[in-house]
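Trainee: Provided below for reference: sequence and predicted model.
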Amino acid sequence: MAPRKGPSNRMKKQGIPPPLDESLVTRKRKDAPAAPVEERGKKRRTESKAVKPVAAAQNNSVKKNKEKGKPANAKKKPAPPPPASDEEISSDEDGVDDPDVMDDNLGDVNVTGLDALGSASESEELDDDEFGDSGSDVVDSDTENTGRKAAMWSDDEDEEDIEEKLTAANIEGLSRKLDMQKAIEEAEAQAELEEAAMQTNIAGDKPKILDDEEEGGRRITNLDTTQDLQLLRTRLNDTIRVLEDFKNLAEEGRSRVEYRAQMLKDVCSYYGYSEFLADKLLNLFPPREAFAFFEANETPRPIVIRTNTLRTHRRELAQTLINRGVQLEPIGKWSKVGLQIFESQVPLGATPEYLAGHYILQAASSFLPVMALAPQENERILDMAAAPGGKTTHIAALMKNTGCIFANDSNKDRAKGLIGNIHRLGCKNTIVCNYSALEFPKVMGGFDRVLLDAPCSGTGVIAKDASIKTNKTEADFIKLPHLQKQLILSAIDSVDHASKTGGYIVYSTCSVTVEENEQVVQYALNKRPNVKLVETGLTFGKEGFTRYMGKIFHPSLKLTRRYYPHAYNVDGFFIAKFKKIGPTPPNAVGVANATRHGKAATNGAVEEEIVDKTPIVEDGEKDDDDFGGWDDEEDQKLIERAQRSELRRKGKNPKAVLGAKAAKAAKPEKKADEKSEEKDRVSEKNDKQDGKVDSAAKTEAKANGVSAKSKEAESKSRRKSGGKKEK
Ligand SMILES: C[S@@+](CC[C@H](N)C(=O)[O-])C[C@H]1O[C@@H](n2cnc3c(N)ncnc32)[C@H](O)[C@@H]1O
């Protein structure tokens with residue numbers, strides 16, 4: 001059996017894996033009837049990806065085993081019914097995961113791949129892009145590659161010729177790839193046929209899974225996975241079959257709990273998860289879907305790049321990259337800026353186009369929170385946890401570099417990467433800051449929209465980081481949700497409910513656990529009655545849970561969206577969009593340090609929300625920090641020196657000219673000084689009454705957080721220089 005190479009997994013379509021073929025059973029069953037070889041062979045052909053031994057936890061051999069085996073991606077599977085709300089999207093679909101093995105036999109599967117997931121909701125980007133839609137709901141590059149590509153690349157009538165060339169170049173590469181892939185598949189299928197011929201088919205039997213009763217009570221067999229991973233996988237499948245049809249397939253006297261416990265154990269052994277995490281993840285899905293989820297975590301997601309529309313158009317970028325030997329195609333109707341990369345002759349992180357900021361390597365799922373945020377031109381946006389800036393730079397592109405984005409991250413090192421991306425991608429409307437997001441809106445508030453792409457456990461990106469399988473503990477799922485709950489309140493309080501164009505908050509995580517998602521959103525709804533959930537505007541995604549393990553969430557939680565690797569071949573993700581419909585009550589939880597200037601009316605209702613948007617400067621903190629800052633005296637000296645040199649160059653006497661100017665300006669300057677001193681006295685009086693901000697800056701703070709900041713700085717500097725003069 002030919003081992004599958006790393007990058008090839010990225011092109012393959014992915015979906016809920018098929019029920020395992022019983023013919024794969026390697027356990028010797030004395031009483032099992034031999035299966036007709038021919039039939040089995042047929043089935044094996046359609047399920048040629050059904051066997052993939054995966055890492056056994058005990059020897060940390062995830063990678064090794066992965067290479068030895070092969071992913072059990074859906075080749076033929078029952079199509080589970082799509083969730084009612086998922087418009088055109090089927091619930092179980094799929095994607096593209098293996099450049100070597102495009103899905104060639106989807107049977108009755110309703111595919112919704114990366115390139116078939118509804119239409120773009122990024123209206124701003126529609127104009128920018130000249131790609132046509134593939135018009136296909138099923139991605140099957142193996143069988144319809146040429147036709148599909150042609151349709152994809154020939155939408156623009158004006159540039160038909162160019163596109164033909166482009167198409168030819170791309171297709172040529174892809175066809176070669178697909179030929180190779182077909183050859184590999186055939187070899188694999190042949191090998192599997194032979195293997196299957198030696199196996200026993202137990203279809204229709206009640207599978208014997210659990211151990212017999214013994215003196216010490218019932219034991220659950222615990223196979224040594226290193227002995228036979230295939231056997232383990234088969235048992236896993238048998239257990240799932242029993243759980244799906246318990247009445248008919250369960251052994252007499254056995255309970256569901258026993259089979260469930262067996263499945264948990266086998267998942268841990270086969271995929272290498274800690275029991276704690278496997279249990280948590282198993283609880284999210286019906287058994288068959290859980291299996292699909294665990295499977296999908298064994299294969300990487302497709303490599304995707306996002307076109308930076310501040311610098312180029314997607315078609316231009318595609319053409320340039322194709323010329324460099326990159327095989328690619330648009331990721332689908334739902335995005336007008338994404339390109340899926342199948343193979344590249346050049347390192348994608350070092351092409352001239354990359355260095356010039358024409359694109360960023362970004363997982364497809366990371367497009368979604370920004371699409372849900374739907375930033376508008378000229379708005380003020382806060383990206384609370386922004387590093388390394390994939391989403392910030394996307395926001396900047398959608399805003400066409402207008403308005404203002406505050407890109408914040410509490411991690412200074414990560415903020416450096418953020419700054420790098422902002423520069424490389426040419427974002428000119430973005431200010432980077434380095435606070436804990438918990439400090440908002442004290443730092444600044446009144447935003448039109450806030451994105452909180454929260455720090456999380458990463459259970460949606462296990463395919464990228466297998467260490468998550470074992471390194472998450474119960475404590476993580478207490479600490480993280482706690483932080484996320486605090487952060488979401490800060491996000492809400494930082495938004496201007498009266499924003500003419502916005503008033504939205506998007507909360508996202510790359511985790512699939514309920515603790516970090518629905519429970520955080522429910523907490524926000526409980527603590528902030530001034531927000532409600534609204535549609536994300538995303539054309540695909542499963543509904544968030546409204547009930548989970550005895551917990552009941554607000555019905556509007558179904559407006560949130562869940563993304564799974566096995567369903568859409570994207571990283572696991574969660575997205576919720578809130579609309580702020582009123583000011584945050586000043587006595588609300590977590591608000592003490594935030595909207596501390598809010599006033600409660602006598603009847604207890606909120607009269608007015610006045611958010612102090614002025615940065616809090618610690619006592620004794622220097623004005624001129626690492627980011628720069630002004631030294632008026634030093635600047636003045638430099639200006640004067642430059643003026644003198646200039647005059648000397650012109651043959652004039654600097655003393656005479658500057659002296660005369662100074663004398664002329666002396667009288668009015670004195671008046672101005674007096675005025676300024678009077679203003680400062682008033683200002684200082686206000687400061688005493690109010691604490692921090694002078695009245696002028698504070699009034700403006702209500703209207704505009706940024707100018708309030710500079711007003712205060714201006715006022716301080718006036719007071720400073722006034723003081724110096726007095727001395
Ligand atoms: C999921 S990542 C953000 C990814 C980013 N939005 C992007 O698209 O590139 C979460 C980020 O939250 C940051 N973070 C963690 N705790 C934070 C806090 N209290 N305040 C602000 N940022 C925080 C981490 O440093 C990390 O960069």
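Mentor: It's in.
Trainee: Quickly find the element holding residue 289.
Mentor: Element membership for residue 289 (DSSP states H and E) is helix 287-296.
Trainee: and that helix, what does it pack onto?
Mentor: Helix 287-296 makes packing contacts with helix 229-244, helix 256-271, helix 275-282, helix 565-568 when contacts are defined by 3 or more CB pairs under 8 Å, 6 or more residues apart in numbering; DSSP states H and E. (C-beta placed from N, C-alpha, C; glycine too.)
Trainee: a markdown table for those helices, including distance to residue 375 and mean neighbour count?
Mentor: Formatted as a markdown table, those follow (distance: least, CB to CB, whole Å; neighbours: other CB atoms under 10 Å):
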| stretch | distance to residue 375 | mean neighbour count |
| --- | --- | --- |
| helix 229-244 | 43 | 23 |
| helix 256-271 | 39 | 20 |
| helix 275-282 | 33 | 19 |
| helix 565-568 | 23 | 30 |
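Trainee: Among these, which comes closest to the ligand?
Mentor: Nearest of those to the ligand, taken as CB to the nearest ligand atom: helix 565-568 at 16.9 Å.
Trainee: So what touches the helix or strand following the closest one?
Mentor: The first helix or strand that comes after helix 565-568 along the chain, using DSSP H and E, is strand 573-580. Contacts of strand 573-580 from elsewhere in the structure, counted by CB atoms under 8 Å, 6 or more residues apart in numbering, are 365, 368-369, 372-373, 460, 492, 495-497, 503-512, 516-517, 521, 524, 530-538, 541, 544, 559-563.
Trainee: Keeping just the C-alphas, turn strand 573-580 into CSV.
Mentor: C-alpha atoms of strand 573-580 as CSV (Å, rounded to 0.1, in the frame of the first residue of the first chain):
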residue,chain,number,x,y,z
PHE,A,573,-14.5,27.3,14.7
PHE,A,574,-17.3,29.1,16.5
ILE,A,575,-18.8,32.4,15.6
ALA,A,576,-21.4,34.5,17.3
LYS,A,577,-22.5,38.0,16.3
PHE,A,578,-24.2,40.4,18.8
LYS,A,579,-25.9,43.7,18.2
LYS,A,580,-25.7,46.1,21.0
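Trainee: Neighbouring strands of that strand in the sheet, and parallel or not?
Mentor: Each strand paired with strand 573-580, and its direction, by DSSP bridges: strand 504-509 (antiparallel), strand 531-534 (antiparallel), strand 561-563 (antiparallel).
Trainee: one step back: angle of the helix holding residue 289 against helix 229-244?
Mentor: 150 degrees (axes from the mean of the first three to the mean of the last three CA atoms, to 10 degrees).
Trainee: What's the first helix or strand after helix 287-296?
Mentor: Immediately after helix 287-296, counting by DSSP H and E, sits strand 303-307.
Trainee: Contacts for that next one next, please.
Mentor: So strand 303-307 is contacted by 7, 10, 114, 129, 313-314, 317, 328, 331, 337-341, 348, 358-364, 367, 390, 394 (CB under 8 Å, 6+ apart).
Trainee: just the buried members of those?
Mentor: 7, 10, 114, 129, 313-314, 317, 328, 331, 337-341, 348, 358-360, 362-364, 367, 390, 394 (16 or more other CB atoms under 10 Å).
Trainee: and the ligand, which of these reach it?
Mentor: residue 390 (CB under 6 Å from any ligand atom).
Trainee: hang on, the earlier thing: possible to save the strands paired with strand 573-580 as a markdown table with distance to the ligand, mean neighbour count and mean pLDDT?
Mentor: Converted to a markdown table, the strands paired with strand 573-580 look like this (distance: least, CB to the nearest ligand atom, whole Å; neighbours: other CB atoms under 10 Å; pLDDT from 0 to 100):
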| stretch | distance to the ligand | mean neighbour count | mean pLDDT |
| --- | --- | --- | --- |
| strand 504-509 | 7 | 27 | 98 |
| strand 531-534 | 20 | 20 | 98 |
| strand 561-563 | 14 | 24 | 98 |
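Trainee: Quick check: which of the ones you listed is nearest to residue 323?
Mentor: strand 561-563 (33.1 Å; CB to CB).
Trainee: Give me the packing partners of the helix or strand encompassing residue 483, helices and strands only.
Mentor: Secondary structure from DSSP H and E places residue 483 in helix 476-493. With contacts taken as 3+ CB pairs under 8 Å, 6+ apart, helix 476-493 sits against strand 449-453, strand 504-509, helix 518-527.
Trainee: Indicate which one of the ones you listed is closest to residue 265.
Mentor: Judging those by CB to CB, what sits closest to residue 265 is helix 518-527, at 27.4 Å.
Trainee: orientation of that closest one relative to strand 504-509 in degrees?
Mentor: 150 degrees.
Trainee: picking that back up, closest to residue 589 out of the strands paired with strand 573-580?
Mentor: strand 531-534 (13.3 Å).
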